[in-house]
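Trainee: sequence and predicted structure are below.
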Amino acid sequence: MFGAPRRRLGERAIAVALAAAAAASVLVTIGIIVSLAGETLAFFADRAVKVGQFLTGPEWSPLFSDPQFGIRPLVQGTLIITLIAMVVAVPLGIGTAAYLSEYASPRVRKTVKPTLELLAGVPTVVFGYFALTFFTPKILNDILGLDVAVFNGLAGGIIVGVMIIPTVASVAEDAMAAVPQGLREGAYGMGASRRQVAVRVVIPAALSGIVAAVVLGASRAVGETMIVLIAAGQIPTTSLNPLKPMETMTAFIGATGKGDVPTGSTGYKAIFAVGFTLFVITLVINLISIRFVRKYRQVYE
Amino acid sequence: MTTTSVDERPVPAEEVIGRPSAGGHLKDRAFKAGLIGLTSVGLIVLAVLLVTTFLDGAPSLSLEFLTSFPSAFPEKAGIESAITGTLWLMVIVGAVIIPLGVATALYLEEYADVNRWWNRVIEVNIQNLAAVPSIVYGILGLAYFVRGPLSLGRTVLAGGLTLSLVVLPVVIITTREAIRAVPPSIKEGALALGATRWQAIWRQILPASVPGIATGVILSVSRAIGETAPLILVGAATFVAFNPTGLDSPFTALPLQIFSWTSQPDEDFKALAAAAIIVLLVILAVLNGLAIWLRNRYQRKW
């Protein structure tokens, strides 16, 4: 009746062009891996650097005349600041999600959600400014009476935590909203109160989504640069004291990249080695979170 | 929203099975109050941040501040080159992410067969790219755009390309949502009338999803111009006493200028940083307002 569809060369060309654009995004990932891995290999080819020393060595001073290449202080700084951030963001983010999903009226939700998104839209350099000029001196020092250094891990960690509240809250709320209404009604029918429904039904049922939210938040915290670069300082240390300055992987990259590092210099290669470590850590975290999100979508959708 | 129907339950369970104990009631109230408390912390910090920054920066804001170049003397320093640099970045980012983002989104929504492994790789890849730390993109820009293959140097083009990659996943994700919001019946109608696949996309799906796409693009551009970390690695110049003259021109941008002034020990420079933050936040607020207006004004409900 219709005859064979006319073959259109244009249609085919467009499909190929669109596929090429989509493939370009994969190229970006490949570009990241190749550039990071290439310079990282060059970094380890340097006689001064040994892989074992890099992974476990307690001292990081690649730009000194007697350079030390142990990445542990940077990894440890990153972990401590991420931990502080999570202590802040997990209760605040999940609490916010539970309130918005289980308690807030549609009108309250309509105002609170966009306002929280504003928090996510504040550039991180602004949070850094806030941490350095207000949070450390006014809140930590004056109000809480802590003996903090001008640059310290605590302020950096707490403000990073505030920054990721919207991330944690929004993913966790999506997961809670995806819990079928029937589960809640069943619990109400058994005489449960709203709190019991939230704590014993909704949160357990949404657990994989909540875990995804937390993991995604942790990934943001690990990769955050400006807040820690400005407020936490640039002194790599193995000390666990958050009241003192500490340096994260991202802060090292930022601080070293700020100067015009010559291609092929030790500093240049160190940026890539640390960047590669950072990329691998966040990649693992991201894949875990993608997996958890997929799990909760499969269960209820 | 499935959750709202909780409020419409005909009979609360408590009335059927008797009131819970007074202790239980108290716990319920305390729990609700606790959740409200947790929710308000983020909002309070946002308010304090905005107010303190405004108080720090407002005295330094003046027409002169907006139209002067950076200077070693705080009273003479301004942000004209930072503003023009940021505008250049906006144009470059827009020019890169609109074609690339829309094409990728169209491919994934209209052409890709999800049963093929390579399409699933593209999907997971975009999800992962969205969560790669922005400073890693800075390293990529340094290796490929500033040095290496493209060797553009520390130019506004290298900065713009790097920021484009940072926000590309966001554009792709929002554009896909905009395309998905167009009902399949629109496309099916076009196909039934004899349109080719591309004719249906170009004449029906794209026009219908333009408001959603534009919203996503504006939000992505606003995210891009707030980024600092990638520009530190790519741009570095924070003392630029001239406006960019072309794609190959050295540049600075508002976030970089804010970072540079925040790092100065001198309090006068910190006040300048706060003033520049106000300008940056105003630009972001205008962009976000525009996006919300577009969404409300033009988005069709099917």
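Mentor: Yep, it's here.

Trainee: got the contact list for B:A241?
Mentor: Contacts here follow CB atoms under 8 Å, 6 or more residues apart in numbering or on different chains; on that basis B:A241 touches B:69-71, B:81. C-beta: built from backbone N, CA, C; applies to glycine.

Trainee: assumed it was part of a strand.
Mentor: No - if the criterion is DSSP: H, G, I helix; E, B strand; the rest coil, then B:A241 is coil and not within a strand.

Trainee: circling back: in PyMOL, how would I select just the buried ones from the contacts of B:A241?
Mentor: Buried subset of these, written as a PyMOL selection, criterion 16 or more other CB atoms under 10 Å in any protein chain shown:
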select buried, chain B and resi 69+70+81
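
Trainee: put together CSV for the contacts of B:A241, with distance to chain A and pLDDT on each row.
Mentor: What follows is the contacts of B:A241, written out as CSV (distance: CB to the nearest CB, whole Å; pLDDT from 0 to 100):
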residue, distance to chain A, pLDDT
B:F69, 20, 88
B:P70, 16, 85
B:S71, 20, 84
B:S81, 17, 91
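
Trainee: ok, of the contacts of B:A241, which one's closest to A:P58?
Mentor: B:P70 (39.9 Å; CB to CB).

Trainee: so, low pLDDT: which residues of the chain?
Mentor: Defaulting to chain A. Scanning chain A for pLDDT under 70 picks out A:1-7, A:297-301.

Trainee: hmm, no, I was thinking of chain B.
Mentor: Confidence mapping of chain B against pLDDT under 70 gives the ranges B:1-23, B:236-238, B:301-302.

Trainee: which helix in it runs the most residues?
Mentor: Secondary structure of chain B read by DSSP state H shows that its longest helix is helix B:22-57.

Trainee: and chain A, by the same measure?
Mentor: helix A:9-45.

Trainee: so which bits of it are buried?
Mentor: Buried-residue list, helix A:9-45, by 16+ other CB under 10 Å: A:14-15, A:18-19, A:21-22, A:24-25, A:28-29, A:31-32, A:35-36, A:39-40, A:43.

Trainee: try stretch B:125-139
Mentor: Neighbour counts using 16+ other CB under 10 Å place B:125-139 of stretch B:125-139 among the buried residues.

Trainee: first to last residue in it, what's the distance?
Mentor: Terminal residues of stretch B:125-139 lie 19 Å apart, using CA to CA, to the nearest Å.

Trainee: nearest to the spatial middle of chain B, which residue is it?
Mentor: By CA atoms, centre = their mean, chain B has its centre lying nearest to B:R223, at 2.7 Å.

Trainee: which element is that one on?
Mentor: Following DSSP states H and E, one finds B:R223 within helix B:206-226.

Trainee: tell me who's in contact with the residue nearest to the centre of chain B.
Mentor: Residues near B:R223 by CB under 8 Å, 6+ apart: A:121, B:166-167, B:170.

Trainee: from those residues, which ones fall inside helices?
Mentor: Short answer: the contacts of B:R223 in helices (DSSP H) are A:121, B:166-167, B:170.

Trainee: and the residue of the stretch 51-200 of chain A closest to chain B?
Mentor: Nearest to chain B, among the residues of the stretch 51-200 of chain A, is A:G95, at 2.9 Å (CB to the nearest CB).

Trainee: residues near the closest residue to that residue other than its chain neighbours, how many?
Mentor: Nearest non-adjacent residue to A:G95, counting by CB to CB, 6 or more residues apart in numbering or on different chains: B:L38, 2.9 Å away. B:L38 sits with 20 neighbouring residues when counted by other CB atoms under 10 Å in any protein chain shown.

Trainee: can you map out the helices along the stretch 201-302 of chain B?
Mentor: Ranges of helices in the stretch 201-302 of chain B, per DSSP state H, counting those that start in this stretch, are B:206-226, B:229-234, B:254-262, B:267-298.

Trainee: can I get the ones you listed in a markdown table with distance to A:E224?
Mentor: Output for the helices of the stretch 201-302 of chain B, formatted as a markdown table (distance: least, CB to CB, whole Å):
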| stretch | distance to A:E224 |
| --- | --- |
| helix B:206-226 | 13 |
| helix B:229-234 | 9 |
| helix B:254-262 | 14 |
| helix B:267-298 | 18 |
